[in-house]
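Q: Structure for the following, please:
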Amino acid sequence: MVCYTIMSGVDCQAPSLRLIHYLKGRGSVKKRTPLYLAILGAFVLIFVEIARYSYVNRGLMRQENVSHLQASYAQVARTFALFAERNWKLLDEWDSDLPNQFYNLTSEEAWSVIRDKAARWQYSELYMFNQNGEYSSVSGRHGISPHKESVFMAIYDENRPVLTSYPSTDGARKVVFAKPIRTPVLMEGSTYTGLAVTFRNDVLEKTISVSLYDGASDCYMVKRDGTVVLSLESQTEFDGLHGNILDFVDDALAVSRSEKAEMRADIAEGKSGGLVGLLDGEEYYIVYQPSGMEDWSIVGVVRASAVEAGMRKMQADTISLATLIASLAMLGVSWLILANMKAEAKSLKMEQQMLSRQKEVSDRLFTGMGRIADRYAVCDLARDRYEYHENVLSKPLYPETGRYCDFVELMSRRYLVLGKAEGMKMDQILDPDYLRRVLRKETDILKFEYCIREKNVYALLNIIPIMFDGDGLLTQVMMIGQDVGQKVELENLANTDGLTGLYNERYFSRVLANLEKKKLPFALYYLDLDFFKPINDTYGHDMGDKLLKAVAQRLQTCIRSRDCAFRIGGDEFAVVYRADLTDAQRREKQALIVETLTQPYEIDGKRLQIGASCGYAHYPEDSAAAADIRILADQRMYAEKERNHQKSGGGSINVGIRGR
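A: You can find the predicted model right below:
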């Protein structure tokens, strides 16, 4: 996020505040005239100091602006690095799968398979090639091309994957990711030993780039000698630039020779820097720094007028404010207090405007990511903070910033985990300790599917490590969410009860089977509501449904985050405590559940009272089979229900409990 510091506003306000404090100490009518002269002299001095500051400190302002611009373009470089990382991973996956896809297939059949599987890759072309310069592409072209041959041969010369660019036959520049493959592929008489994917420059611009300062900027990736690898902007500023940015600066930009030489030396050595120069009478900021990719540097070009617009507006507002205060001060001491209040209000408004502009710049920096993901969050595990970005919905699902633990709690309430991680809760997967166990390297990715509890809506979450501390401990991750649409097949329905929001009987069976498979101890409680039917019959099914919802809410208060509550059907419920409980602890849980559920309910102005029968069994103490545990808990529940009815004489409500 870019942050601007306007020093002229601070210097102007401080003398004003000192003057106000001085005037508060002056109450003599006899000294009013000298006081007015002092006010006038003070503000004349302030105006002179503002002008002097604007002139003398212009160099300091430009150094500050260069630092801000470098921070902005560093974010662009990180976005491109994520894009490159994705392409290398996809190429590695293709490399591993190539022998299977091309076995006993013609080139057209093989490329047809690849086209179907790479529909969302958005590449310009996918190639197979060899050391002889021969190539075959997914679009059906093949042969030998001098444009491609020089690029493809680089992987054999350097014996490693290569990321570079080249001008195509139509004049458009293309970026290429090329790598040798593990197993040569024989296809229609030619043996291919390399794999490459290319992207048109304009496609990369839409996918990765951000438009800083409302389009008054350019962004380039260049080699150490200044050769432009790719442009990430529309090149509206430097229309004459085609091949080498350093040559262009030498020839077209009005700036001192020493600054040009310093820029050339810095880029060659992978250093950061910046300068301000003239092109056709217009001033431009040019900033550069290593991109973190290959030996490239990222170079940004921005109109000085766009960068300094906020500073100039602040200076103009400060002068207007000082003039207003000076005029009011000349009317009397009593008016100074009112003038100060107005000044503070205006200063607060300007600060809010400045913060709003900063947020707009930050939002543009993340626009490139928004074209790839539906929503994403950058999470700082060490500091318990997150920053959330929504790119699809008009109303964000979560607050934009806050504590990471609160973010996890909101997700855990809303979603169920599916796929290989099914059986785990969202808060267990997103726990920082768990993430550190599964994400040990920068190349690791944690991927799982999840769904909304109350709706048949599914999504995919990818969690990528983005920062480790000096000891190799994971400190920051990026969570990238992608909607996968609605599913209507029976097998993929949500695992929750539609009325109460608790887990349903289908998921109940799956949880028990999973616990038995992993040999994890648990206590199972079966529950049946007593005297629920008379309430349902007397007040109707709508009142009965509301009562069941209230029971479910209370049941949720009896469990921890790692435990599960279920509605089995009708007025029957179940609870699974994932712990090795002692017999005394099991009885305490039984007492807690019954006491919680049998407290009176206030619904629609009516006071309702029900009872509850509860039986439990423990795995593996009572049985080594989850099916037997389920039967045993059900039997004990019905035995408890019979005892309750005997004690109540079959008519009154008994909320007492008994042990096994």
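
Q: and residue 497, what are its phi and psi?
A: Dihedral angles phi and psi of residue 497 (degrees, to the nearest 10) take the values phi -80, psi 130.

Q: mind listing what it touches?
A: 503, 504, 552, 566, 567 (Cβ atoms under 8 Å, 6 or more residues apart in numbering). C-beta: built from backbone N, CA, C; applies to glycine.

Q: Is residue 450 in contact with residue 424, as I believe?
A: No. Using Cβ atoms under 8 Å as the test, residue 450 is too far from residue 424 to be in contact (10.5 Å).

Q: Report the set of residues contacting both of these two.
A: residue 417.

Q: the more surrounded of these two?
A: A direct count of neighbours by other Cβ atoms under 10 Å for residue 450 and residue 424 places residue 450 higher, at 23 against 15.

Q: Would you mind listing the buried residues in the helix or strand in which that one is found?
A: Element membership of residue 450 [criterion: DSSP states H and E] is strand 446-452. Buried residues in strand 446-452, defined by neighbour count with 16 or more other Cβ atoms under 10 Å: 446, 448, 449, 450, 451.

Q: any idea how far the last one lies from residue 555?
A: Distance, residue 451 to residue 555, by Cβ to Cβ, to the nearest Å: 22 Å.

Q: So which of the contacts of residue 497 sit within strands?
A: 566, 567 (DSSP state E).

Q: can I get the contacts of residue 497 in CSV with distance to residue 637 and pLDDT?
A: Shown next, in CSV, are the contacts of residue 497 (distance: Cβ to Cβ, whole Å; pLDDT from 0 to 100):
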residue, distance to residue 637, pLDDT
503, 18, 92
504, 19, 92
552, 18, 96
566, 14, 96
567, 15, 95
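
Q: Please tell me how far the strand holding residue 450 is from the chain's geometric centre.
A: Centre-to-centre, strand 446-452 and its host chain are 15 Å apart (Cα atoms, centre = their mean, to the nearest Å).

Q: which helices and strands does that strand pack with?
A: For strand 446-452, the packing partners by 3 or more Cβ pairs under 8 Å, 6 or more residues apart in numbering; DSSP states H and E come out as strand 415-417, helix 426-429, strand 457-468.

Q: Among those, which comes closest to residue 256?
A: Closest approach to residue 256 among the helices and strands packed on strand 446-452 is made by strand 457-468 (39.1 Å; Cβ to Cβ).

Q: The helix or strand just after the closest one pairs with which strands, parallel or anti?
A: On the C-terminal side of strand 457-468, the nearest following helix or strand under DSSP H and E is strand 474-486. Strand pairing for strand 474-486, using DSSP bridges, gives strand 375-380 (antiparallel), strand 457-468 (antiparallel).

Q: just to revisit the earlier point, ok, so of the buried residues of strand 446-452, who is nearest residue 538?
A: The closest of the buried residues of strand 446-452, once distances to residue 538 are taken by Cβ to Cβ, is residue 451, at 37.3 Å.

Q: for the stretch 551-660 of the chain, what spans make up the strands?
A: Counting by DSSP state E, counting those that start in this stretch, the stretch 551-660 of the chain has strands at residues 564-569, 572-577, 601-603, 606-608, 611-619.

Q: right, I mislabeled it, should have said the stretch 151-300 of the chain
A: Using DSSP E, counting those that start in this stretch, strands in the stretch 151-300 of the chain cover 162-167, 173-187, 190-200, 217-222, 228-231, 273-279, 282-290, 297-303.

Q: Switch those over to a markdown table; also include mean pLDDT.
A: Formatted as a markdown table, the strands of the stretch 151-300 of the chain follow (pLDDT from 0 to 100):
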| stretch | mean pLDDT |
| --- | --- |
| strand 162-167 | 80 |
| strand 173-187 | 84 |
| strand 190-200 | 86 |
| strand 217-222 | 83 |
| strand 228-231 | 78 |
| strand 273-279 | 86 |
| strand 282-290 | 88 |
| strand 297-303 | 86 |
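
Q: OK, contacts around the residue nearest to residue 139 when sequence neighbours are not counted?
A: Setting aside the residues directly before and after it, residue 139 is nearest to residue 125 in space (Cβ to Cβ, 6 or more residues apart in numbering), at 6.2 Å. Residue 125 makes contacts with 137, 138, 139, 174, 197, 198, as judged by Cβ under 8 Å, 6+ apart.

Q: so the fourth one makes contact with residue 200?
A: Yes. The pair residue 174 and residue 200 qualifies as a contact (Cβ under 8 Å) at a distance of 5.8 Å.

Q: which residues are common contacts for those two?
A: Contacts common to residue 174 and residue 200, judged by Cβ under 8 Å, 6+ apart, are residue 124.

Q: domain ranges for this structure?
A: Listed domain ranges for the chain are 102-204, 375-492, 505-648 (source: automatic domain parsing).

Q: PyMOL command for the buried members of the contacts of residue 125?
A: Remark: buried members of the contacts of residue 125, expressed as a PyMOL selection using 16+ other Cβ under 10 Å:
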select buried, resi 137+138+174+197+198
